[in-house]
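Trainee: Here's a sequence, model it:
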Amino acid sequence: MFTWAAAVTANRAGRSSRLLSRVVVLAAVVTAVLSLDATVVLLVPVVLAIATRLQVPHRPYSYAAGHLANSAFLLLPVSNLTNLLAFAVTGLSFLHFTGLLLAPWLVAISVEYLLLR
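Mentor: Residues are numbered from 1 along each chain as shown. You can find the predicted model right below:
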């Protein structure tokens with residue numbers, strides 16, 4: 001799944017500037033939906049392989065995936081153990097919790113993208 005997602009990301013990117021934005025989106029989604037561990041352990045090596053295959057410097061893309069693992073976990077309760085603990089004590093529904101954290105999640109991703117550019 002990660003290899004396929006990274007290959008689609010690379011194939012649709014074309015230029016390296018578009019590749020960075022697509023890697024940021026991919027890492028943010030993987031982190032939010034699965035977990036920060038999935039991004040670090042499974043996605044970062046795939047992103048490194050794609051950068052090598054495309055013969056572009058690997059550092060910006062691996063940094064993007066690594067940094068997003070640490071900042072894109074805000075959205076869903078399942079993204080991080082801390083989120084699960086906070087979710088349990090708030091009494092909020094899954095959708096309400098997600099709705100409250102949507103804006104901070106988007107800000108964190110945007111700041112990471114701007115810093116990586």
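
Trainee: quick one: the strands in this structure?
Mentor: Under the criterion DSSP state E, the chain carries no strands.

Trainee: Buried residues in the worst-scoring helix or strand of it on mean pLDDT, which are they?
Mentor: Here the helix or strand of the chain ranked lowest by mean pLDDT, DSSP states H and E is helix 2-13, holding a mean of 73. For helix 2-13, the neighbour count (16 or more other Cβ atoms under 10 Å) marks 2, 5-6, 9-10, 13 as buried. C-beta: built from backbone N, CA, C; applies to glycine.

Trainee: Packing partners of that helix?
Mentor: If you count contacts as 3 or more Cβ pairs under 8 Å, 6 or more residues apart in numbering; DSSP states H and E, helix 2-13 packs onto helix 16-33, helix 44-54.

Trainee: mind checking which of the ones you listed is nearest residue 60?
Mentor: Distance to residue 60, taken as Cβ to Cβ, is lowest for helix 16-33 among the helices and strands packed on helix 2-13, at 5.8 Å.

Trainee: what's the closest one in contact with?
Mentor: For helix 16-33, contacts defined as Cβ atoms under 8 Å, 6 or more residues apart in numbering pick out 2, 5-6, 9-10, 12-13, 38-39, 42-43, 47, 54, 56, 60-61, 64-65, 68-69, 72-76, 78-79, 105, 109, 112-113, 116-117.

Trainee: Quick one: low-confidence residue ranges for the chain.
Mentor: Scanning the chain for pLDDT under 70 picks out the ranges 13-17.

Trainee: Pull the number of nearby residues for the nearest residue to residue 71 once chain neighbours are set aside.
Mentor: Excluding the flanking residues, the one nearest residue 71 by Cβ to Cβ, 6 or more residues apart in numbering is residue 108, at 4.3 Å. By other Cβ atoms under 10 Å, the residues close to residue 108 number 20.

Trainee: One more: the one 3 residues further on?
Mentor: Around residue 111 sit 12 other residues, with neighbours defined as other Cβ under 10 Å.
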